[in-house]
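> here is a sequence with its predicted model. Questions after.
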There are 2 protein chains.
Amino acid sequence: MPLRNSKEIAAHAGVSQATVSRVINNKPNVREETRRRVLKVIDELGYVPNAEARSLVTRRTNKIGLIVSDIVNPFYPELVESVEGLARESGYVTLLCNTQRDPSKDRIYVRFLIEQRVAGVLFTSITPRSGAPEQLMQAGIPFVFVNRYLKGLNVPSVLTDNEGGAYRMTQYLLELGHSRIAFIRGLPNTTTSQDREAGYRQSLMDHGFKVENVYLERGDYIREAAYEATSRLLQLPVPPTAIFCANDCMAFGALDAAWDAGVRVPEDLSVVGFDNIPLSSLRAISLTTMEQPMAKMARRALEILLDLIEGRALPQDGMIEVYEPELIVRRTSGPAPSSASGKGVRSQ
Amino acid sequence: MPLRNSKEIAAHAGVSQATVSRVINNKPNVREETRRRVLKVIDELGYVPNAEARSLVTRRTNKIGLIVSDIVNPFYPELVESVEGLARESGYVTLLCNTQRDPSKDRIYVRFLIEQRVAGVLFTSITPRSGAPEQLMQAGIPFVFVNRYLKGLNVPSVLTDNEGGAYRMTQYLLELGHSRIAFIRGLPNTTTSQDREAGYRQSLMDHGFKVENVYLERGDYIREAAYEATSRLLQLPVPPTAIFCANDCMAFGALDAAWDAGVRVPEDLSVVGFDNIPLSSLRAISLTTMEQPMAKMARRALEILLDLIEGRALPQDGMIEVYEPELIVRRTSGPAPSSASGKGVRSQ
DNA sequence: TTGAAAGCGCTAACAA
DNA sequence: TTGTTAGCGCTTTCAA
């Protein structure tokens, strides 16, 4: 038995379809007794209004698109939970789009979302030249960036001060006496990785150190790649005494690589990350990292999106909100090894 | 500038709306030249068909609902990725519903999904008496259970042999010489927790041991609760020598508690989990656990759902597929301490 | 091969 | 307070 429609409800209740519409939308000007009668029929027949038909005539939907690059990266679930939770509270349903770290999927997903006539889109993992923002602009659908953003585009964005955070993290390591600090990059095309690298570079330079290319590795924000990168770093003639990973996931990979190489952390090698994902606080990991207030940022980004959708705000130039990350010192970082002059840092 | 509609395309191309419809749906019986002309106009005007209007007339949508209880639990993202990925490949968009471990939200979400007229729903975290299955049945919307299921209801389900897995895990610990094995339950209303507990009990009994109530604790599938539970267990006059947690997340909490209590793992205490989430393989954790092939199970569950949706199958009695979990022995489990006769197991 | 017309389920003017 | 009517954007007969 398929679903009922409002015409059937109207017939059963002996009223017009318009009155049924007024009742289900809590509109005024319905006699109390009529309302009760209609509600009774709705309940008895198990009627559920059709949101698609409603959207067609009201020209508004209660769907929002959420695009993430890698739901399996423990960084994203908190963000997703936050967005989806607030969306539901606000009457919106979330269409999840997981691009599996493939920027070319952005276009495909955005096309999907436009077909669905979503009210707005939240990008957590935007990359340049995807064409996705242009598609949405042409369709007149508002969107907001969170986490990553695009430089030079006036899109409302909620960000962490990645450069400042990385600067401070690097400074923290320098103050511990480390002079050979490696950096493992995230995905090349992302502002998060670029800005963190910039902070790392600036901090080194400001403190009188040179950026050594051998200490720059690529990790693509994934654990396995960071494992490989760390293995390479540890085999250098003069290995680093500290490794700064552009996110926590990669730091986990780095810790594994150090473990397998017999390098003690933090005695021989300091490893630090960025994000402070929930697992980083496990006693057995206890990763030093920069905490991003992702839940808060995600909520704020959705708030802005809802303001845009519901006409409470217009996208203005430079609507960018920046949150400061916080240094969380745990047990994977420590003073540079005293014998830190050459191969001495390696215990194997 | 809002989006175009097919009428505008028709006008610009000098054809009827019906022809535009034929073109965008790749229907036959359109002259090649006409097709090209229409496609050109579509491209120029940036036309994107409206899925909602289409659904209204075809009476089918390409939306599926995915209900998870706790996206932040690292167990779920893999499942979500798998479902969402296959859904997109099959032309469906996924509406994500995260109940935040609150079964009463099931009803609210299902109502949402019915309003959206989703083509089908995948439950990963069903609990009894939510009313959600009944809602969907009345609406004539097919659904499938994966991970958790409901006994006595003939709903297609894709499951792990939780009881068998827990039985084998308990046996493994018994064979290591443990006689005081504690069990930390998951959420009470879930078949996963109940079945794992049943396997634990059966295994103890089959090997001539009694189930001691003091060794049964509640952990609700979350790390923090398992931390507390473990702390209590370790303070018992005769503490357990092994703790079997109903999922990996809780095992992480147990490891933290042991750490804080100065109890060595696995020398003084073995800790094992269930799931084999990606982080369990970290060297610093190295958790012994039962692996569930979640990605595979999720894909299979969605396949079944799509078969149901697209009429390739009917929900038959007992459409239940069971996968065997696999014991992964790592470093959190070891022989029972030889001094395992009283307080000796505690090092602090 | 193409077009005209009807209608999916709903809301919103307007009229009563 | 309630009903009538038109129409949102699309597909689908049926006829040409």
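Right, received. Where do you want to start?
> all helices for the stretch 101-250 of chain A, in order.
Using DSSP state H, counting those that start in this stretch, the helices of the stretch 101-250 of chain A run over residues A:105-115, A:132-139, A:162-175, A:191-206, A:223-234, A:248-260.
> make CSV out of these and add mean neighbour count.
For glycine as for every other residue, the C-beta is placed from the backbone atoms N, C-alpha and C. Listed next are these as CSV, based on neighbours: other CB atoms under 10 Å in any protein chain shown:
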stretch, mean neighbour count
helix A:105-115, 20
helix A:132-139, 19
helix A:162-175, 21
helix A:191-206, 21
helix A:223-234, 22
helix A:248-260, 26
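> can you list the residues of chain A near DNA strand D?
Contact residues, chain A versus DNA strand D (CB under 7 Å from any atom of the strand): A:14-19, A:22, A:28-31, A:33-35, A:53, A:56-57, A:59.
> okay, now the domains of chain A?
As assigned by automatic domain parsing, chain A contains the domains A:6-49, A:60-160+A:293-324, A:162-291+A:328-340.
> out of those domains, which gets nearest to residue B:157?
Nearest to residue B:157 among the domains of chain A is domain A:60-160+A:293-324; the distance by CB to CB comes to 22.9 Å.
> for that closest one, give the mean pLDDT please.
Average pLDDT, domain A:60-160+A:293-324: 95.
> pLDDT weak spots in the stretch 201-348 of chain A?
Counting by pLDDT under 70, the ranges of the stretch 201-348 of chain A that qualify are A:315, A:317-318, A:339-348.
> swap the cut-off to 50 and go again
For the stretch 201-348 of chain A, applying pLDDT under 50 flags the ranges A:340-348.
> just the closest residue of it to DNA strand D, please.
residue A:309 (17.7 Å; CB to the nearest atom of the strand).
> strands along the stretch 1-150 of chain A, start to end?
Under the criterion DSSP state E, counting those that start in this stretch, the stretch 1-150 of chain A contains strands at A:63-68, A:93-98, A:120-123, A:143-146.
> a markdown table for these, including mean neighbour count?
Listed next are these as a markdown table, based on neighbours: other CB under 10 Å:
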| stretch | mean neighbour count |
| --- | --- |
| strand A:63-68 | 25 |
| strand A:93-98 | 26 |
| strand A:120-123 | 27 |
| strand A:143-146 | 26 |
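> okay if I get the ones you listed as a markdown table plus distance to residue A:196?
Converted to a markdown table, these look like this (distance: least, CB to CB, whole Å):
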| stretch | distance to residue A:196 |
| --- | --- |
| strand A:63-68 | 19 |
| strand A:93-98 | 23 |
| strand A:120-123 | 19 |
| strand A:143-146 | 16 |
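> chain B is nearest to which of those?
Among the strands of the stretch 1-150 of chain A, strand A:93-98 comes nearest to chain B, with 4.1 Å by CB to the nearest CB.
> just to revisit the earlier point, mind giving me JSON lines with the helices of the stretch 101-250 of chain A and columns for distance to residue A:291?
Shown next, in JSON lines, are these (distance: least, CB to CB, whole Å):
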{"stretch": "helix A:105-115", "distance to residue A:291": "28"}
{"stretch": "helix A:132-139", "distance to residue A:291": "29"}
{"stretch": "helix A:162-175", "distance to residue A:291": "9"}
{"stretch": "helix A:191-206", "distance to residue A:291": "14"}
{"stretch": "helix A:223-234", "distance to residue A:291": "19"}
{"stretch": "helix A:248-260", "distance to residue A:291": "10"}
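> what about these, which gets the closest to DNA strand C?
helix A:105-115 (16.1 Å).
> contacting residues around the closest one?
Helix A:105-115 is contacted from outside by A:65, A:67, A:95, A:97, A:99, A:121, A:126-127, A:130-132, A:135-136, A:139, A:141, B:3, B:48-51, B:88, B:93, using CB atoms under 8 Å, 6 or more residues apart in numbering or on different chains.
> so who does the residue positioned nearest the centre of chain A touch?
Residue closest to the average C-alpha location in chain A (CA atoms, centre = their mean): residue A:124, at 4.3 Å. Contact analysis of residue A:124 by CB under 8 Å, 6+ apart lists A:66-69, A:76, A:79, A:145-148.
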